[in-house]
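Asks: What would the 3D arrangement of this be:
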Amino acid sequence: MTDPLPTAVPLAAHGADPLTGRFATPGDKAISHRVLILAAMAVGRSSIEGLLEAEDVMATAAALRQLGVHIDRRDAGWEVQGQGTGGLLEPAGPLELGNSGTGARLLLGLLAPYAFAFTVNGGATLTRRPMQPLLDALAQTGVSVVSSDDGNLPVTLRGPLVPLPIDHVMAAPSEQIKSALLLAGLGIGGTTRIVELVPTRDHTEKLLAEFGAAITVTSDDAGVTTILLAGLPELAPRRVTVPGDPSSAAYAILAALIVPGSDLLVENVLVNPTRTGLIDTLLEMGGDIQFLNQREAGGEHVADLRVRSSRMKGVRVDAMHAAAMLDDIPALAIAAAYAQGETVIDGLAELRDQECDRLAATAAGLAANKVTVAEGDASLTIGGIGKVDGGGTVLTRHDHRIAMSFLVLGLASRHKVTVDDSTAIAASFPGFVDAMTALGARFEPVR
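Replies: Here you go, the predicted structure:
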């Protein structure tokens, strides 16, 4: 039985002052999930600073505790007492992942080689997200599906007595399926081989190497990437600092670009090349963004960004470029609404299977605020005129990125923009309202 959605809390945005000061970027959500899981697989105590303390990440931590892992909040961060590869315990009940699609998929992979039955369940939005492609990919390990809701959560799996090594060519790009297979490979003797025809985010590979796994990543002249991972390693505990999440930084960056007179420093942003699609596009649109204090942290490249209000122009974003920033498409759509000229974004079919149908939700939100928009089967066309009238109410469909993106839309619009529910923001950025208000944003509750 899934948890009901919480009572809706509408919120409006309008009339921001110029954004100034420093924005402390919250820890990266994708890396936070993975650091917790790999620390749980190490032998000994790892310490983590900068972990994102949002609902999705805390759901992963709670599930790991059910598997026998000791995870504690300390003054300076978090400590994880690792159980070692293969050392997780059979859970006494279902692993409840809330609405964390990342946590659910990674744990399905991690536990696939274990010779016990386990159930992964989720909340109201997660149970609508398809898991069948991952289940099909994991089948080669010998894991069996005891039950599922037609390929959706809740899913009960039973691991094999002798799991088989993984040799998998990715039919379609999916960072989460790739990462789930790599985590499964940790618990399987022999070598896991994964071939990516199109490269995706590489946080899991970098963190596996950081924790001492024997992993090699090679790419040929055609851009095909082959990943080899030796199974059953003894991972070493680590002290890890999680870099700032570029998808959370996007809202401050976007607000500074569209609110006149803004001059903002966005600190500690992860600038891994697989995560800078939105920033690259905003630069192409004419956004004034400077990279300062570039450095390495936790095996990743980070930088501080100075962002100043800018006159932007519409652009065309092809499917390959869009695929590198799917989480940030709602934010990009807001930038396009304030740009001068038409923006066309292709390759968005996958948006229909995220927390909600984000393609439809983004188009509807723009239309509700008098922005010219056309929704295709897998595309958005946005007719920007350099300003937004606003005045509409946006149906967030309990999606955190829709809620935050349209609240930013309202900061520079002629009339206030209201989102019907702000509670979903806690999934990835619980401090969003306070952090943005401190910079000059204005929000007001709706009675």
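
Asks: what packs against the lowest-mean-pLDDT helix or strand in the chain?
Replies: Here the helix or strand of the chain ranked lowest by mean pLDDT, DSSP states H and E is helix 319-323, holding a mean of 91. The contact analysis (3 or more C-beta pairs under 8 Å, 6 or more residues apart in numbering; DSSP states H and E) places helix 319-323 against helix 277-284. For the C-beta atoms, the positions are set from N, CA and C on the backbone; glycine is no exception.

Asks: Tell me which residues of the least confident helix or strand of the chain come out buried.
Replies: His321, Ala322, Ala323 (16 or more other C-beta atoms under 10 Å).

Asks: The helix or strand just after it versus helix 277-284: what angle between them?
Replies: On the C-terminal side of helix 319-323, the closest following helix or strand by DSSP states H and E is helix 329-338. Here helix 329-338 runs at an angle of 10 degrees relative to helix 277-284 (axes from the mean of the first three to the mean of the last three C-alpha atoms, to 10 degrees).

Asks: now helix 329-338: how far from the chain's centre is it?
Replies: In terms of C-alpha atoms, centre = their mean, to the nearest Å, the centre of helix 329-338 is found 18 Å from the chain centre.

Asks: now stretch 420-433
Replies: 14 Å.

Asks: now swap in stretch 438-447 and tell me
Replies: Chain-centre distance of stretch 438-447: 25 Å, with C-alpha atoms, centre = their mean.

Asks: Start and end of that stretch, how far apart?
Replies: 23 Å (C-alpha to C-alpha, to the nearest Å).

Asks: Same question for stretch 253-270.
Replies: OK, stretch 253-270 end separation, C-alpha to C-alpha: 13 Å.

Asks: And this protein, what are its domain boundaries?
Replies: What the record gives for the chain is the domain set 11-27+244-445, 29-241, from automatic domain parsing.

Asks: now the shortest one: mean pLDDT?
Replies: The reference is to domain 29-241. Averaging pLDDT along domain 29-241 yields 96.

Asks: Any idea how far that domain is from the middle of the chain?
Replies: Its chain's C-alpha centre and that of domain 29-241 lie 15 Å apart, by C-alpha atoms, centre = their mean.

Asks: Please enumerate the helices of the stretch 151-300 of the chain.
Replies: Counting by DSSP state H, counting those that start in this stretch, the stretch 151-300 of the chain has helices at residues 175-186, 203-210, 246-258, 277-284.

Asks: Mean neighbour count and distance to Ala361 added to those, as JSON lines?
Replies: What follows is the helices of the stretch 151-300 of the chain, written out as JSON lines (neighbours: other C-beta atoms under 10 Å; distance: least, C-beta to C-beta, whole Å):
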{"stretch": "helix 175-186", "mean neighbour count": "25", "distance to Ala361": "21"}
{"stretch": "helix 203-210", "mean neighbour count": "22", "distance to Ala361": "27"}
{"stretch": "helix 246-258", "mean neighbour count": "27", "distance to Ala361": "16"}
{"stretch": "helix 277-284", "mean neighbour count": "20", "distance to Ala361": "18"}
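
Asks: Switch those helices over to a markdown table; also include distance to Val224.
Replies: Output for the helices of the stretch 151-300 of the chain, formatted as a markdown table (distance: least, C-beta to C-beta, whole Å):
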| stretch | distance to Val224 |
| --- | --- |
| helix 175-186 | 13 |
| helix 203-210 | 15 |
| helix 246-258 | 26 |
| helix 277-284 | 21 |
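
Asks: quick one: which of the ones you listed is nearest Glu444?
Replies: Closest to Glu444 of these, according to C-beta to C-beta: helix 246-258, at 16.2 Å.

Asks: Specify the angle between that closest one and helix 329-338 in degrees.
Replies: Counting by the same axes, to 10 degrees, helix 246-258 lies at 10 degrees to helix 329-338.

Asks: Which neighbouring elements make contact with helix 246-258?
Replies: Judged by 3+ C-beta pairs under 8 Å, 6+ apart, the packing partners of helix 246-258 are strand 263-270, helix 277-284, strand 288-297, strand 300-308, helix 329-338, helix 400-411, helix 432-439.

Asks: Tell me which of those sits most buried.
Replies: Mean neighbour counts were compared across the helices and strands packed on helix 246-258 using mean count of other C-beta atoms under 10 Å; the top stretch is helix 400-411, at a mean of 29.
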